[in-house]
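[1] with the sequence up front, the predicted model follows.
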Amino acid sequence: MSAVTVLGLGPMGRATARLLLDAGFDVTVWNRTPGKAEALAELGAKPAATVAEAIAASDTILLSLIHYDAMYGVLEQGPADLTGKTIVNLSSDSPANTAKGADWVLKRGAKFLTGAYMTQSDDIAHPASKLYVSGPADLHDSLRPILEKLCANVYLGGDYGLAQLYYQAGLAMFHAYLISLQQAFAMIERSGGDIDTFLDLRKDEPVSQQDFTNFFAQAAKGGGWGDLASLKMMHAGAQHVIDASEDAGVDAAITKTIQDYYQRALEASERAGEAVPVYRIFRGDA
Ligand SMILES: NC(=O)c1ccc[n+]([C@@H]2O[C@H](COP(=O)([O-])OP(=O)(O)OC[C@H]3O[C@@H](n4cnc5c(N)ncnc54)[C@H](OP(=O)(O)O)[C@@H]3O)[C@@H](O)[C@H]2O)c1
């Protein structure tokens with residue numbers, strides 16, 4: 001358990017290896033493109049020349065690659081029989097690709113666990129960071145001495161796809177948030193406003209956002225939020241954001257996409273003869 005191998009040295013793999021070195025592990029590292037292991041070697045990591053060498057060095061192998069597809073080509077460079085090894089894939093992908101990847105690894109005799117870093121970029125040690133984990137509970141328990149050195153672990157269940165399901169759902173919100181945030185800043189800047197004033201106005205946002213999250217979660221369990229008046233109001237409200245953006249020369253494509261959901265909900269409501277919440281458009285059962 002004192003030896004760990006990290007395959008894939010992008011920002012996340014490097015941060016993972018650094019934290020394991022700090023925690024006193026014997027860390028072997030490998031990356032497809034050479035040159036990314038040098039700084040880690042100075043901290044005490046052992047760069048492996050080949051995947052086979054990296055796998056031979058430890059029973060626990062952490063993967064940090066761009067997607068699950070990359071895992072096949074990397075692990076195929078090592079031994080065909082992985083009996084005695086545990087592969088923990090910390091790469092991002094869909095739950096279905098994760099399950100396929102798990103099956104592939106298990107057929108080669110290794111144990112398998114999936115992890116998804118819910119972190120602020122590569123700041124894994126940040127107090128808000130979480131590692132979502134899914135796969136066999138006993139395997140996770142046996143790996144806690146390693147994985148909990150990275151950040152707080154959240155075990156989500158035996159289904160291999162679960163860590164990715166909750167991670168990708170979080171990212172669905174995060175991606176929209178980051179893009180919308182930049183639209184808001186551009187609107188303010190291009191209209192002669194002040195971004196710092198906006199920040200001050202939004203300082204209670206976390207509390208408000210939590211309220212909306214809770215409210216919409218309850219609504220989703222009951223089929224979604226929105227009577228006809230609310231759908232019309234949101235559609236009109238989106239138009240005001242589009243106008244305010246475009247009047248200032250700011251791209252409003254994201255708001256047009258949002259408005260389209262209300263449009264589709266209104267059209268579905270007309271067909272159904274009753275209000276059809278936007279949530280049902282997402283669910284595909286409108
Ligand atoms: N960065 C973040 O904020 C963040 C946060 C949470 C989760 N994640 C996830 O963590 C994973 C790693 O992210 P990252 O930001 O470190 O970097 P990344 O750019 O997503 O992945 C880089 C790593 O993948 C390797 N790679 C790419 N294609 C490959 C292939 N076909 N075969 C072998 N290796 C291949 C790269 O090797 P080369 O150096 O040879 O190109 C490099 O080691 C990703 O799945 C990412 O989505 C990232």
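    Now that the structure is in, tell me what you want to look at.
[2] I'd guessed residue 32 sits against residue 71; true?
    No: checked against Cβ atoms under 8 Å, the pair residue 32 and residue 71 is beyond contact range at 11.8 Å. Where you see a C-beta, it was placed from the backbone N, CA and C, and this is true even at glycine.
[3] okay, these two: which has more neighbours?
    Comparing residue 32 with residue 71 by neighbour count (other Cβ atoms under 10 Å), the higher total belongs to residue 71, at 22 against 14.
[4] where does the protein come near the ligand, residue by residue?
    The chain has residues 8-13, 31-33, 36, 64-67, 70, 73-74, 91-92, 117, 119, 121-122 near the ligand, with proximity defined as Cβ under 6 Å from any ligand atom.
[5] which residue comes closest to whichever residue of the chain sits closest to the ligand once chain neighbours are left out?
    In the chain, the residue that lies nearest the ligand is residue 10 (2.5 Å; Cβ to the nearest ligand atom). In space, and not counting its chain neighbours, residue 10 is closest to residue 64: 6.4 Å by Cβ to Cβ, 6 or more residues apart in numbering.
[6] what's the answer for residue 105, then?
    Spatial nearest neighbour of residue 105, chain neighbours left out: residue 112 (4.4 Å); criterion: Cβ to Cβ, 6+ apart.
[7] can you tell me the SS state at the one you found?
    strand (DSSP: H, G, I helix; E, B strand; the rest coil).
[8] what about it, how many residues close to it?
    Around residue 112 sit 22 other residues, with neighbours defined as other Cβ under 10 Å.
[9] hmm, back to that, wait, the residue of the chain closest to the ligand sits on residue 66?
    Yes: at 7.2 Å, residue 10 counts as touching residue 66 under the criterion of Cβ under 8 Å.
[10] compare the two (neighbour count), which wins?
    More crowded of residue 10 and residue 66, by other Cβ under 10 Å: residue 10, with 16 against 13.
[11] quick one, phi psi at the residue minimising distance to the centre of the chain?
    Per Cα atoms, centre = their mean, the C-alpha nearest to the average position across the chain is that of residue 167, at 4.1 Å. Listed backbone geometry of residue 167 is phi -70, psi -50, with angles given as degrees, to the nearest 10.
[12] just checking, it touches residue 92?
    Yes: counting by Cβ under 8 Å, residue 167 touches residue 92, with 6.8 Å between them.
[13] find the residues that touch each one of those two.
    With contacts taken as Cβ atoms under 8 Å, 6 or more residues apart in numbering, residue 167 and residue 92 have residue 116 as neighbours in common.
[14] quick check: domain ranges of this protein?
    3-159, 166-283 (the TED database).
[15] in JSON lines, list these along with mean pLDDT.
    Formatted as JSON lines, those follow (pLDDT from 0 to 100):
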{"stretch": "domain 3-159", "mean pLDDT": "98"}
{"stretch": "domain 166-283", "mean pLDDT": "97"}
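[16] could you identify which of these is most buried?
    A comparison of the domains of the chain by mean neighbour count, using mean count of other Cβ atoms under 10 Å, puts domain 3-159 on top with a mean of 18.
[17] how far away from the center of its chain is that one?
    With Cα atoms, centre = their mean, to the nearest Å as the basis, the distance from the averaged C-alpha position of domain 3-159 to the chain average is 16 Å.
[18] please apply the same query to stretch 201-214.
    Centre to centre, stretch against its chain (Cα atoms, centre = their mean), the figure for stretch 201-214 is 21 Å.
[19] restrict it to CA atoms and write it as CSV.
    Taking only C-alpha atoms (Å, rounded to 0.1, in the frame of the first residue of the first chain), the coordinates of stretch 201-214 have been written out as CSV:
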residue,chain,number,x,y,z
LEU,A,201,-24.7,43.2,-5.6
ARG,A,202,-24.3,39.4,-6.0
LYS,A,203,-22.6,38.7,-2.7
ASP,A,204,-25.6,36.9,-1.2
GLU,A,205,-25.8,34.7,-4.3
PRO,A,206,-24.7,31.4,-2.6
VAL,A,207,-27.7,31.6,-0.2
SER,A,208,-30.2,32.5,-2.9
GLN,A,209,-28.8,29.8,-5.3
GLN,A,210,-29.2,27.2,-2.5
ASP,A,211,-32.8,28.2,-2.1
PHE,A,212,-33.5,27.8,-5.8
THR,A,213,-31.7,24.5,-5.9
ASN,A,214,-33.9,23.2,-3.0
